[in-house]
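Engineer: Provide a 3D model corresponding to the input given below.
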Amino acid sequence: MLASINDQSKSNGNLLHARVIKLFSLVGASITGGMCLLSLLGNNNTLTLILLVACTTYLIALFSLKKFNIKVSAIIIIYSLYLLMFYLVFSGGVAQTGPLWIFIVAPVSVYVLGFRLGLINLAIFLCIVCIIMFLPQHLVAHEAYTPEFKLRLILSFLTMTFLSALYEYSSMQFYRNVLELSAKYQQLAMSDPLTKLANRRNASAVLQQEKARIDRNHEPLSVLLCDLDHFKSVNDKYGHNAGDMVLMELAKVFTDNVRQQDCIARWGGEEFLVILPQTSAEQAGIIAEKIRLSVQNHTIHFLKHQIQVTISIGISQLTEDETIDELINNADKCLYQAKTLGRNRVHP
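Structural biologist: As a prediction, the model looks like this:
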């Protein structure tokens, strides 16, 4: 159940991630395309070519979302952005305004690449930017910046990186908390609060799933409907707290005597339903007798009292033309027969 919730949440997260990447690709293509036209009008051929390549790259990333997975588009976007920023820092862009664009790198990196990988890439990115700006002019000719501009640019970038990382970390923690709360409430909605077993709603869903499966595979499915004998007398004699203790103890006995693939549910009151996939009525009878004997031999210790109870069990196997309701009704009829014949027995 929890795995199903995680899968659904992950799917929703991937869908949102894809939409943001798509939007960023569209915005990036629009901005670089517009700047490309301005550069063309300003006769800056080198910058025009670089911006044209960047615009084309963003368009490729936009359309690759349909043919490839999100990671491919993310890699195209983030590393093409890095290369464009390196060029703008190296060349100065228009009137030394090129380096000002690097501030968009921090939030995009931590969102697209994730918190940890984003910070690693930002550290490498800043190192390369520093190398470009502090590279001696006699080695490679590039745009010269004043020491004050370099220092303030680096400090501003580090501040933006810190704020972006803090926001991404907070969002990540919030998402995890919401997911955990969602799983917790879903678990509460599908389980019995006293015995921690599946509740009637959960068991009904399992039965529907199993019926769909056996309709395809034609495998047997049996259920055990179990009812405590004279449970009212336990409550009357020892109190309702003792009755709750008996139900919790029996839940453990049931769990210890069934297989991992079986489902045990508190069907209602002192009734329990055991769903046995890939199990015929004959095989279910063996399991039922094992459960009955275990309950009979189990002693519940409550305060200074030692309480022993017995159960009656009805067995029913699902037939091809039978509904779930009919399956449960047949098990209930068998349970009634077990009660009528003297209790503490399995029927048929």
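Engineer: how about stretch 87-94 as PDB, C-alpha atoms only?
Structural biologist: In PDB, the C-alpha atoms belonging to stretch 87-94 read as follows (Å, rounded to 0.1, in the frame of the first residue of the first chain):
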ATOM      1  CA  TYR A  87      30.900  32.600 -23.000                       C
ATOM      2  CA  LEU A  88      29.100  35.600 -21.600                       C
ATOM      3  CA  VAL A  89      31.600  35.900 -18.700                       C
ATOM      4  CA  PHE A  90      34.500  35.400 -21.100                       C
ATOM      5  CA  SER A  91      33.300  37.900 -23.700                       C
ATOM      6  CA  GLY A  92      31.500  40.300 -21.400                       C
ATOM      7  CA  GLY A  93      28.400  40.200 -23.600                       C
ATOM      8  CA  VAL A  94      27.000  43.600 -24.400                       C
END
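Engineer: what are the ranges of the helices in the stretch 151-300 of the chain?
Structural biologist: For the stretch 151-300 of the chain, applying DSSP state H, counting those that start in this stretch gives helices covering 200-217, 231-238, 240-256, 281-296.
Engineer: Save those as JSON lines, and put in distance to Ala338 and mean pLDDT too.
Structural biologist: (Glycine included, C-beta is placed from N, CA and C.) Shown next, in JSON lines, are the helices of the stretch 151-300 of the chain (distance: least, C-beta to C-beta, whole Å; pLDDT from 0 to 100):
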{"stretch": "helix 200-217", "distance to Ala338": "20", "mean pLDDT": "89"}
{"stretch": "helix 231-238", "distance to Ala338": "15", "mean pLDDT": "92"}
{"stretch": "helix 240-256", "distance to Ala338": "16", "mean pLDDT": "94"}
{"stretch": "helix 281-296", "distance to Ala338": "10", "mean pLDDT": "95"}
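Engineer: Dump these to TSV, plus distance to Pro147.
Structural biologist: Formatted as TSV, those follow (distance: least, C-beta to C-beta, whole Å):
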stretch	distance to Pro147
helix 200-217	68
helix 231-238	85
helix 240-256	72
helix 281-296	81
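Engineer: mind putting those helices in CSV, mean neighbour count and distance to Tyr169 included?
Structural biologist: Below are the helices of the stretch 151-300 of the chain laid out as CSV (neighbours: other C-beta atoms under 10 Å; distance: least, C-beta to C-beta, whole Å):
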stretch, mean neighbour count, distance to Tyr169
helix 200-217, 15, 36
helix 231-238, 15, 52
helix 240-256, 17, 40
helix 281-296, 17, 50
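Engineer: Identify the residues contacting Leu207.
Structural biologist: Taking C-beta atoms under 8 Å, 6 or more residues apart in numbering, we find Leu207 in contact with Val223, Ile275, Ile324, Leu327.
Engineer: Just the buried ones among those residues, please.
Structural biologist: When the contacts of Leu207 are checked for burial by 16 or more other C-beta atoms under 10 Å, the buried set is Val223, Ile275, Leu327.
Engineer: picking up where we left off before, just name the closest of the contacts of Leu207 to Arg345, please.
Structural biologist: Val223 (17.2 Å; C-beta to C-beta).
Engineer: which residues does the closest one contact?
Structural biologist: Neighbour list for Val223: Leu207, Leu273, Val274, Ile275, Leu276, Ala284, Ile315, Ser316, Leu318, Leu327, Ile328, Ala331 [criterion: C-beta under 8 Å, 6+ apart].
Engineer: for Thr32, same thing?
Structural biologist: Going by C-beta under 8 Å, 6+ apart, Thr32 touches Leu51, Ala54, Cys55, Tyr58, Leu84.
Engineer: Kindly provide the distance from it to Gly269.
Structural biologist: Separation of Thr32 from Gly269 (C-beta to C-beta, to the nearest Å): 69 Å.
Engineer: same thing with Met172?
Structural biologist: The value you get for Met172 to Gly269, if C-beta to C-beta is used, is 44 Å.
Engineer: tell me the pLDDT at Asn12?
Structural biologist: Here, the pLDDT recorded for Asn12 equals 53.
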